[in-house]
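A.B. asks: need coordinates for the following:
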Amino acid sequence: MRNKILFFTFFEALGSFLITPILAIYLVNTLGMSEGAIAIAITSLYFGRYIIALPLGRMTDLFSPTRVMSLGALLRGSGYGLLALIPEGEIVPVTTSLALIGIGGALISPASSRMMAQIDGDNRLKFRLQSIIFSIGSASALMMVSFVDKEYFLVVFYCSSIVFFMISIYALTLKSVTSEHKEVDNKNPQKFTQIVVRLAYQHALLLGILFIYTIVYAQLFYLLPIMIDKNSLGHSYISYIYVVNSAFFIFFQPLWKKFSPVKDISTTALLSALSFFLGYFLLDIKFKPVCIVFFGVSYAFAGSILDALFLAELADRTKEYEMGTASGMAFMFRGAGLIAGNAVGALMLYFDGCQAQYLPIYLSLGVMVVFAIIKLHINRSSSSVFSRRISRDH
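C.D. replies: Below you'll find the model as predicted:
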């Protein structure tokens, strides 16, 4: 079953990242949309993909995850297909299409996470493996689309739509715990708001670390491309960072999982924050090619060691029949981090040229370190109490 879910994950990433790097270009050049209209349309994508992921994630706990995955893939395929069929860049149909794409993604992610959590085995290993497969799929798509000329972008949208329609059918062949089985396991069902409040309290520090991590990580898509352009450097530098980032997720993650002495998410978050700090500190010293190269390595290292651990930690500390809700909550916080990351990036661009430019990132990393230290202290205290209880029992 694990391999079947990973097969789905690969083609989900492939279908998505065929479009991600060309979406804005397609909206401008092919559909003739203005920058303001594109901003509104893209907002609907992020809103559907992340902000409403929590209630959509709850659907995974109430209904069969395989059917939710199938519906999500069907909606994404429909969204990409509609974008290919729109003759002119009218904002309403474009926004509707992007909303379908976002909602489809918000259905797939929690359902996939719950399916992985149901499988026996080490959650860290399972979710790292899923992260690697997703990175392979996205890197494959980025490589393929890099050879496509602008006049053939329409074909890419049709191809992506077909990929999602195919995996929508494939998802129905997967097996999961039925809703009847779920009701047997869940002896004391609670209201949605009660579950959300309890999970938010239970995972508050983890979600806080995820939120700050996403703010810092989001600068790859906002601050860095603009800074590289403002400094009259070639676009190849941002491509280099993308390639290094994908390579670390694909090749370095398995080595880190096998040989690293650091296993818990709190210590890993501290190490990730340190690596992020070193990368941004180099850019702060001098925004030059050699600094960008070292930044790319430290940035990729920081992301690859931590990213997959969030869902693994959730799976370890959440009841299986609530994993969809918890995963949806995590994606909502990730989306909030992306939105906040854009604001932080805009603030740093406003202070471009002054010594305080990277201060928002440094402050964000400081908060991340505080959350990680508190979580580490709580985990060690809990382990100490548990050990004393075992000693008294014996």
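
A.B. asks: what's near enough to touch the nearest residue to Pro360 once chain neighbours are set aside?
C.D. replies: Closest residue to Pro360 apart from its sequence neighbours, by CB to CB, 6 or more residues apart in numbering: Val344 at 4.8 Å. The way it works is simple: take the backbone N, C-alpha and C, and place the C-beta from them, glycine included. If you count contacts by CB atoms under 8 Å, 6 or more residues apart in numbering, Val344 has them with Ile215, Ala218, Gln219, Pro360, Ile361, Ser364.

A.B. asks: nearest residue to the fifth one other than its sequence neighbours?
C.D. replies: With CB to CB, 6+ apart as the measure, Tyr280 is the residue that lies nearest to Ile361, at 5.2 Å, once sequence neighbours are left out.

A.B. asks: flag the shaky bits of the protein, pLDDT-wise.
C.D. replies: The chain contains residues with pLDDT under 70 at 35, 39, 89, 176-190, 221-222, 225-226, 229, 234-239, 383-394.

A.B. asks: buried ones in whichever strand or helix holds Ala200?
C.D. replies: Using DSSP states H and E, Ala200 sits in helix 192-202. Going by neighbour count (16 or more other CB atoms under 10 Å), the buried part of helix 192-202 is Ile195, Val196, Leu199.

A.B. asks: coming back round to it: from Phe351, how far off is the residue nearest to Pro360?
C.D. replies: Remark: distance between Val344 and Phe351 (CB to CB, to the nearest Å) = 11 Å.

A.B. asks: what about Ser364, neighbour count?
C.D. replies: For Ser364, the count of nearby residues is 23 (other CB atoms under 10 Å).

A.B. asks: measure it to Ile86 for me?
C.D. replies: Relative to Ile86, and taking CB to CB, Ser364 is found at 38 Å.

A.B. asks: for Lys286, grab phi and psi.
C.D. replies: Lys286 has phi and psi values of phi -160, psi 120 when expressed as degrees, to the nearest 10.

A.B. asks: now do the contacts for it.
C.D. replies: The contact partners of Lys286, taken as CB under 8 Å, 6+ apart, number zero.

A.B. asks: same deal with Phe47?
C.D. replies: So Phe47 contacts Ala99, Gly102 (CB under 8 Å, 6+ apart).

A.B. asks: coming back round to it: surely the residue nearest to Ile361 is in contact with Gln357?
C.D. replies: No. Counting by CB atoms under 8 Å, Tyr280 does not reach Gln357; the two are 9.9 Å apart.

A.B. asks: more crowded one of those two?
C.D. replies: Ranked by neighbour count (other CB under 10 Å), Tyr280 and Gln357 place Tyr280 first, with 23 against 20.

A.B. asks: which residues does the helix or strand hosting that one contact?
C.D. replies: For Tyr280, the element it lies in under DSSP H and E is helix 265-285. Helix 265-285 is contacted by residues 206, 209, 213, 216, 227, 262, 291-292, 294-299, 301-303, 305-306, 309-310, 312-313, 357-358, 361-362, 365, 368-369, 371-373, 375-376, 379 when judged by CB under 8 Å, 6+ apart.

A.B. asks: stretch 364-380 now?
C.D. replies: Residues contacting stretch 364-380 (CB under 8 Å, 6+ apart): 205-206, 208-209, 212-213, 215-216, 264-267, 269-270, 273, 276-277, 344.
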